[in-house]
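Below are the sequence and a predicted model for it; my questions follow.
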Amino acid sequence: MKTRTIGDVTVSAIGLGGMPMSIEGRPDRTRSIATIHAALEAGITFIDTADAYSLAGKPEDEGHNEILIAEALKEWHGNTDDILIATKGGHTRAHAKDGGWDQDGSPAHLKEAAKASAKRLGVDAIGLYQFHRPDPKVPYADSIGALVELLDEGVIRMAGISNANVDQIKQANEILDDRLVSVQNQFSPKFLSSTPELELCDEMSIAFLPWSPLGGITNAADLGTNHAVFAEIANARRVSPQVLTLAWELKKSSTVIPIPGASRPQSIMDSATAASIKLSDDEFARLDSAS
C-alpha cells in the first residue's frame with residue numbers, strides 16, 4: 001500500500017477509524033475484531049482511536065475502543081511492530097447524557113488520561129497522542145502545555161491536535177517547539193471548512209488526518225447520490241464513490257491520511273483500495289469543483 005509519514009513514522013496512506021466499533025449501535029466484539037484484522041490484512045498500519053470512543057454516560061465503558069484495538073493486535077497472527085496507534089484525550093463521554101460529549105482540557109486531566117490510555121493499549125509510550133478538542137473553559141496554551149510535559153516525560157512519542165483552527169495549529173506548534181506532527185479535523189466533500197487547516201498542514205509538512213472523510217456514519221452511503229460528479233467518475237472507474245472520495249483526498253496533499261471509520265471487514269477492505277487509485281489532473285479538478 002502507498003505510504004505517508006507522521007513525524008518520523010511511515011504509515012499506510014489510509015488509516016482505520018475505530019469510533020463506530022465502540023459508540024452507540026456498535027457491533028459485537030467478534031465483528032469488531034474481524035474488522036481490525038481485515039484492516040491489517042489490507043496493509044493498513046495506522047489506527048485511530050480515543051478514550052472517549054465508548055458509550056455515553058457509562059464510566060465503566062471508558063476506553064472501550066482502546067481496549068478493543070489492543071486485544072485485536074494481541075490476537076493478530078502477523079507482526080504488529082509497524083502499527084501506529086493514535087489515541088486522543090480531552091473529549092469525554094463517561095458522564096455525558098443522551099449520547100452526548102463533554103470536554104476536559106485541563107492539564108491534570110490530559111496527563112492522567114494519557115497514562116490511562118497507555119495502560120489500556122498495553123504500551124510503555126503512546127505512539128501518537130492528540131488533544132481531542134479545545135475546551136472553552138481552559139486556555140488552549142495550558143492544554144498544549146500538558147502535551148509538552150507528556151512528551152518530555154516519555155509518556156507519548158509524538159503529539160498532535162484535533163478539531164483545531166489555523167491559529168491553534170500555529171500556537172500548538174510554537175508551544176511544542178516545532179514538535180506538532182498531526183492535525184485531525186473533519187474534512188469531506190460535505191464538510192470543506194477545514195480547507196485552510198489542510199493547506200497550512202501542507203505548508204508545514206504536518207500530517208492532516210481527515211475524520212469522517214466520507215461525510216459521517218449516516219451520510220457515507222449517500223455520497224454518490226449527493227455528489228453526482230463523484231458518482232460519475234467512480235462508475236467510470238468501476239469503484240465505489242466512497243473509494244473515489246478517499247483517493248481525491250489523498251491527491252489534495254501528500255500530508256493527508258484519511259481515517260474512515262468502519263465496523264465491517266468489507267468496509268475497510270474497500271476503503272484500503274483507494275491508496276492504489278491514481279486520479280488524473282482532469283478528474284481531480286472536476287472533483288474539486290464539484291465538492
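Now that the structure is in, tell me what you want to look at.

so where is the protein shaky, pLDDT-wise?
Scanning the chain for pLDDT under 70 picks out the ranges 218-220, 224.

quick one: secondary structure of the residue of it positioned farthest from its centre?
Going by CA atoms, centre = their mean, the residue of the chain most distant from its centre is A236, 29.2 Å out. Using DSSP: H, G, I helix; E, B strand; the rest coil, the structure places A236 in helix.

how distant is the helix or strand encompassing S32 from the center of its chain?
For S32, the host element (DSSP states H and E) is helix 29-41. The chain centroid and the centroid of helix 29-41 are separated by 17 Å under CA atoms, centre = their mean, to the nearest Å.

quick one, helices of the stretch 1-150 of the chain?
29-41, 64-75, 107-121, 140-153 (DSSP state H, counting those that start in this stretch).

Is it possible to get TSV of the ones you listed that adds mean neighbour count and distance to G57?
All C-beta spots, glycine's among them, are computed from the backbone N, C-alpha and C. Converted to TSV, the helices of the stretch 1-150 of the chain look like this (neighbours: other CB atoms under 10 Å; distance: least, CB to CB, whole Å):
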stretch	mean neighbour count	distance to G57
helix 29-41	19	21
helix 64-75	20	13
helix 107-121	19	18
helix 140-153	18	24
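
Pipe these into TSV and attach distance to I6 per row.
As requested, the helices of the stretch 1-150 of the chain are exported to TSV (distance: least, CB to CB, whole Å):
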stretch	distance to I6
helix 29-41	17
helix 64-75	17
helix 107-121	17
helix 140-153	15
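
what's around the closest residue to I126 other than its chain neighbours, how many residues?
Of all residues not flanking I126 in the chain, I156 sits nearest, at 4.5 Å (CB to CB, 6 or more residues apart in numbering). I156: 25 surrounding residues under other CB atoms under 10 Å.

next one: phi and psi at I156?
phi -130, psi 150 (degrees, to the nearest 10).

can you pull the contacts of it?
Applying CB atoms under 8 Å, 6 or more residues apart in numbering to I156 gives the contacts A114, A118, A125, I126, G127, L128, Y129, L147, L150.

what do you get if the cut-off is 7 Å, keeping everything else the same?
By CB atoms under 7 Å, 6 or more residues apart in numbering, the contact set of I156 is A114, A125, I126, Y129, L150.

Isn't L121 up against E66?
Yes: L121 lies in contact with E66 (CB atoms under 7 Å); the separation is 5.4 Å.

Need the residues touching each of those two.
With CB under 7 Å, 6+ apart, L121 and E66 have common neighbours T87.

follow-up on the earlier one: how much space separates the residue nearest to I126 from A114?
6 Å (CB to CB, to the nearest Å).

which neighbours do these two share?
What both I156 and A114 touch, as defined by CB under 7 Å, 6+ apart, is the set I126, Y129, L150.

how close does the closest residue to P136 other than its chain neighbours get to R93?
Nearest non-adjacent residue to P136, counting by CB to CB, 6+ apart: Q103, 7.6 Å away. Between Q103 and R93 the computed distance is 11 Å (CB to CB).

got it, and N79?
Distance from N79 to R93, by CB to CB: 33 Å.

V229 - how many residues pack around it?
A count of neighbours around V229, defined by other CB under 10 Å, yields 18.

before we move on, the earlier item: the residue nearest to P136: what's it in contact with?
G90, H91, T92, R133, D135.

what residues are up against I44?
Neighbours of I44 in contact, by CB under 7 Å, 6+ apart: S12, I14, G15, L16, A272.

quick revisit: what about the helices of the stretch 1-150 of the chain, which gets the closest to L192?
helix 140-153 (23.8 Å; CB to CB).

Quick one: distance of that closest one to the chain centre.
That offset, for helix 140-153, works out to 20 Å (CA atoms, centre = their mean).

Run through who's touching the helix or strand just after that helix.
As assigned by DSSP H and E, the chain's next helix or strand after helix 140-153 is strand 159-162. Strand 159-162 is contacted from outside by 88, 128-133, 147, 151, 168-169, 172, 176, 179-185, using CB under 7 Å, 6+ apart.
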